[in-house]
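Trainee: can't give you the sequence, but here's the structure:
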């Protein structure tokens with residue numbers, strides 16, 4: 001039985017990983033995670049890919065599927081080398097680089113891909129100064145022992161991104177490994193990229209973002225006390241604070257969402273914005289969990305975006321706001337029941 005990514009919940013027990021929906025649990029091969037290249041011990045016939053893999057979208061998933069297939073074909077093991085922080089955050093600190101996935105989220109997403117080894121290499125300015133020839137010889141060959149390298153069609157690496165598929169193809173025979181380049185993955189004639197996902201989320205087009213990701217975009221955070229105004233009008237909300245300031249939050253508006261709390265999924269309506277009717281200044285992420293009545297302050301929630309309902313609006317009165325929230329709830333129930 002195949003479970004779709006946004007239908008599954010993942011948990012770990014005695015180092016074993018399971019993907020479960022309402023009826024079925026499937027065992028997933030556990031991935032070994034290393035937080036530095038120095039921790040990695042070379043397996044037999046390592047088949048390797050490298051990249052930032054922010055968001056682990058469908059294009060990334062295509063590369064990783066090929067990686068696992070190629071590793072199985074040579075009775076080897078699949079290895080993904082990725083980096084933290086994101087290279088752009090180190091190289092261009094003056095630019096605010098928002099990411100699709102926190103480190104924890106990226107690890108969770110990559111656990112679902114059937115990898116054998118995941119290396120998270122600290123990215124520094126010193127590391128960025130390595131030439132592509134040095135990167136290939138020192139990292140890929142000496143430290144990883146690569147037998148085959150699988151890369152995306154536009155992958156570049158090394159100092160100033162000077163390394164390319166052509167460079168690799170020329171160096172590979174001398175150094176004893178093969179190179180496999182994945183062609184562009186298309187959806188409706190649009191190349192999938194993390195940038196396109198970010199653009200969709202910035203515009204509030206969560207359905208488009210989800211189509212590119214292959215799963216529902218989500219944010220996780222802790223419930224903190226707010227002004228508790230929602231309780232007074234019959235729609236209590238959980239104020240969700242995301243600790244990672246670089247996590248991309250969709251544009252202001254009202255969304256139909258699914259809320260994961262204590263391994264149970266609930267339907268909800270989330271408002272992202274400044275609450276112009278009552279505040280108008282502070283941006284918050286507030287979710288009304290439908291058919292739910294528990295005190296969850298200090299607890300963690302994962303909110304997955306299904307569809308945008310409307311823009312954030314300012315109302316003349318709390319009664320006007322209450323009336324609109326009722327309509328939002330009805331719309332959310334309709335959207336989430338599909």
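Mentor: That came in fine, so what should we check first? This one's a predicted model, so the numbers in the text were calculated from it and none came from an experiment. Residues are numbered from 1 along each chain as shown.

Trainee: does residue 80 lie in a helix or a strand, and which?
Mentor: Element membership of residue 80 [criterion: DSSP states H and E] is strand 77-84.

Trainee: give me the sheet partners of that strand and which way each runs.
Mentor: Using DSSP bridges, strand 77-84 pairs in its sheet with strand 46-50 (parallel), strand 117-122 (parallel).

Trainee: which positions in the helix or strand that comes right after the first one come out as buried?
Mentor: Beyond strand 46-50 on the C-terminal side, the first helix or strand identified by DSSP H and E is helix 58-73. With burial defined by 16 or more other CB atoms under 10 Å, the residues of helix 58-73 counted as buried are 58-64, 66-68, 70-71. No exception for glycine: its C-beta is placed from N, CA and C like everyone else's.

Trainee: ok, stretch 280-295 next?
Mentor: Neighbour counts over stretch 280-295 (16+ other CB under 10 Å) mark 284-289, 292 as buried.

Trainee: return the residues in contact with the closest residue to residue 308 other than its chain neighbours.
Mentor: Leaving out its chain neighbours, the residue that sits closest to residue 308 by CB to CB, 6 or more residues apart in numbering is residue 204, at 4.9 Å. Taking CB atoms under 8 Å, 6 or more residues apart in numbering, we find residue 204 in contact with 250-253, 308, 311.

Trainee: could you measure from residue 204 over to residue 151?
Mentor: 33 Å (CB to CB, to the nearest Å).

Trainee: got it, and residue 193?
Mentor: Using CB to CB, which is the criterion applied here, residue 193 is 15 Å from residue 151.

Trainee: compare these two (neighbour count), which wins?
Mentor: Taking neighbours as other CB atoms under 10 Å, residue 193 and residue 151 compare with residue 151 leading, 23 against 19.

Trainee: what residues does that one make contact with?
Mentor: Counted by CB under 8 Å, 6+ apart, residue 151 has contacts 49-51, 63, 165, 168, 179-182.

Trainee: hmm, 7 Å instead?
Mentor: 49, 165, 181-182 (CB atoms under 7 Å, 6 or more residues apart in numbering).

Trainee: give me the beta-bridge partners of it?
Mentor: residue 181.

Trainee: quick one: pLDDT of it?
Mentor: pLDDT for residue 151: 88.

Trainee: one more: residue 75?
Mentor: 96.

Trainee: so it belongs to a strand, correct?
Mentor: No - with DSSP: H, G, I helix; E, B strand; the rest coil as the criterion, residue 75 is coil rather than part of a strand.

Trainee: excluding its backbone neighbours, what's nearest it?
Mentor: residue 45 (6.3 Å).

Trainee: okay, now the one you found: neighbour count?
Mentor: By other CB under 10 Å, the residues close to residue 45 number 16.

Trainee: quick one: residues contacting it.
Mentor: 74-77, 147.

Trainee: quick one: it from residue 74, how far?
Mentor: Counting by CB to CB, the gap from residue 45 to residue 74 is 5 Å.

Trainee: cool, residue 110 as well?
Mentor: Counting by CB to CB, the gap from residue 110 to residue 74 is 21 Å.

Trainee: same question, residue 220
Mentor: 37 Å.

Trainee: cool, and residue 109?
Mentor: Taken as CB to CB, the span from residue 109 to residue 74 is 25 Å.

Trainee: the more surrounded of these two?
Mentor: Set residue 109 next to residue 74 and count neighbours by other CB under 10 Å: residue 109 wins out with 23 against 14.

Trainee: list the contacts of residue 310.
Mentor: 253-254.

Trainee: tally of neighbours for residue 131?
Mentor: That count, for residue 131 with other CB under 10 Å as the rule, works out to 14.

Trainee: who's in contact with it?
Mentor: 158-159.

Trainee: what of residue 132?
Mentor: By CB under 7 Å, 6+ apart, the neighbours of residue 132 are 157-158, 162-163, 167.

Trainee: for stretch 315-331, which positions count as buried?
Mentor: 321, 325, 328-329, 331.

Trainee: touching it from outside, list them.
Mentor: 233-235, 254, 256, 269, 277, 290, 309, 313.

Trainee: mind running it again at 10 Å?
Mentor: By CB atoms under 10 Å, 6 or more residues apart in numbering, the residues outside stretch 315-331 that reach it are 229-230, 232-235, 237, 254-256, 267-271, 275-278, 288, 290, 307, 309-310, 313-314.

Trainee: just the buried residues of the residues you listed.
Mentor: Here, 16+ other CB under 10 Å leaves 229-230, 235, 237, 254-256, 267-271, 275, 277, 288, 307, 309 buried among these.

Trainee: in strands only, show me the residues you listed.
Mentor: 254-256, 267-271, 288, 307, 309 (DSSP state E).

Trainee: ok, so what distance separates residue 161 from residue 34?
Mentor: Between residue 161 and residue 34 the computed distance is 24 Å (CB to CB).

Trainee: got it, and residue 167?
Mentor: Applying CB to CB to residue 167 and residue 34 gives a distance of 26 Å.

Trainee: same check on residue 53?
Mentor: Distance from residue 53 to residue 34, by CB to CB: 15 Å.
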